[in-house]
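**Student:** I'd like to go over a predicted model; first the sequence, then the structure.
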Amino acid sequence: MTIWEAIEERHTVRQFTDEAVEEEALEALQERIRALNAEFGLKLSLHANEELQLWPGMTLFFSSGVENFILLAGPHGSKAAERVGYCGANLLLLAQQEGINTWWIGGTYSMKKVEGEAGGELYGVIAFGYGKEEGKPHRSKDAMRVSRYEGSEPEWFSRGVEAALLAPTAMNKQAFMITGKDAVVQVSYKAGAFSDVDRGIIKYFFEQGAGKENFRFADAE
Ligand SMILES: Cc1cc2nc3c(=O)[nH]c(=O)nc-3n(C[C@H](O)[C@H](O)[C@H](O)COP(=O)(O)O)c2cc1C
């Protein structure tokens, strides 16, 4: 599965079967996590065959079988939060390519239970496994409302925005603005509970759609 197919086919799934995730897929995720932690200074960790305790309302009404998850932890601060978003997005798409469904959970789980295991500030979790269904596309804003390119808009920019609009955001807010000029791209996100994490996710999806070689982010470190 190409990365573009993964972008199009990924949707949040909240109900999982009890089938164990294949060893090969777990290893691929584990290896990617190791590399991301090393490159971005994060504390992402994989937990397979371990139940994630959700808020009771969640399990009653719309979720089940969350027995695999990735803890998204790292240092404190908005830069680290953005990196968590960027790296978590990378893992969502890798999982999709491995035939695994995912659910990004910002807050509706029992943090107390896992905080000790996280080893850093906990920004959320990604639950994963084989979905009972594949999920469905989210309602989406129009590209015109969330992006602007000064001058004639290049094809890569439109593709990047298209990918960003397929990304998950907290409560599906899609409160981002992507602007571009002379192959320099700026992504901003309306301030809110998960805005730094969401901005990181949007940057990763944009980059996958646009192609890293075509532009640079204005705030690249
Ligand atoms: C940072 C973040 C936090 C989220 N937190 C929750 C959550 O606490 N509970 C939940 O059910 N879904 C949560 N979601 C999932 C979003 O609701 C979902 O991604 C969004 O509605 C878009 O749908 P899609 O993922 O199918 O494209 C979260 C997503 C993100 C990116």
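**Tutor:** Here it is on my side, so go on. Numbering: from 1, shown residues only.

**Student:** which non-adjacent residue is nearest His11?
**Tutor:** Using Cβ to Cβ, 6 or more residues apart in numbering and skipping the chain neighbours, the partner closest in space to His11 is Gly135 (2.9 Å). (C-beta placed from N, C-alpha, C; glycine too.)

**Student:** state the helix or strand in which that neighbour lies.
**Tutor:** In the assignment (DSSP states H and E), Gly135 maps to no helix and no strand.

**Student:** is any residue of whichever strand or helix holds Gly116 near the ligand?
**Tutor:** Per DSSP H and E, Gly116 falls inside helix 111-118. No: applying Cβ under 6 Å from any ligand atom, one finds helix 111-118 out of contact with the ligand, separated by at least 11.1 Å.

**Student:** flag every residue of the protein that's near the ligand.
**Tutor:** With Cβ under 6 Å from any ligand atom as the criterion, the chain meets the ligand at residues 11-12, 104-108, 124, 135, 138, 168-172, 194, 197-198, 201.

**Student:** remind me which residues of the protein are low pLDDT?
**Tutor:** For the chain, the stretches flagged by pLDDT under 70 are 58-61, 221.

**Student:** quick check: domain ranges of this structure?
**Tutor:** Domain assignment of the chain by automatic domain parsing yields the ranges 3-129, 143-217.

**Student:** these into TSV, with extra columns for mean neighbour count?
**Tutor:** Below are those laid out as TSV (neighbours: other Cβ atoms under 10 Å):
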stretch	mean neighbour count
domain 3-129	18
domain 143-217	19
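
**Student:** what lines up beside the lengthiest strand in the chain in the sheet?
**Tutor:** When the chain is parsed with DSSP state E, its longest strand is strand 121-129. Each strand paired with strand 121-129, and its direction, by DSSP bridges: strand 69-74 (antiparallel), strand 101-105 (antiparallel).

**Student:** check the secondary structure at Gly151 for me.
**Tutor:** At Gly151 the chain is in coil, as set by DSSP: H, G, I helix; E, B strand; the rest coil.

**Student:** who's in contact with it?
**Tutor:** By Cβ atoms under 8 Å, 6 or more residues apart in numbering, the contact set of Gly151 is 181-182.

**Student:** what's the spacing between Pro168 and Ser147?
**Tutor:** Distance, Pro168 to Ser147, by Cβ to Cβ, to the nearest Å: 18 Å.

**Student:** on that earlier part again, ok now the helix holding Gly116, how far from the chain's centre?
**Tutor:** Mean-position distance between helix 111-118 and its chain equals 20 Å (Cα atoms, centre = their mean, to the nearest Å).
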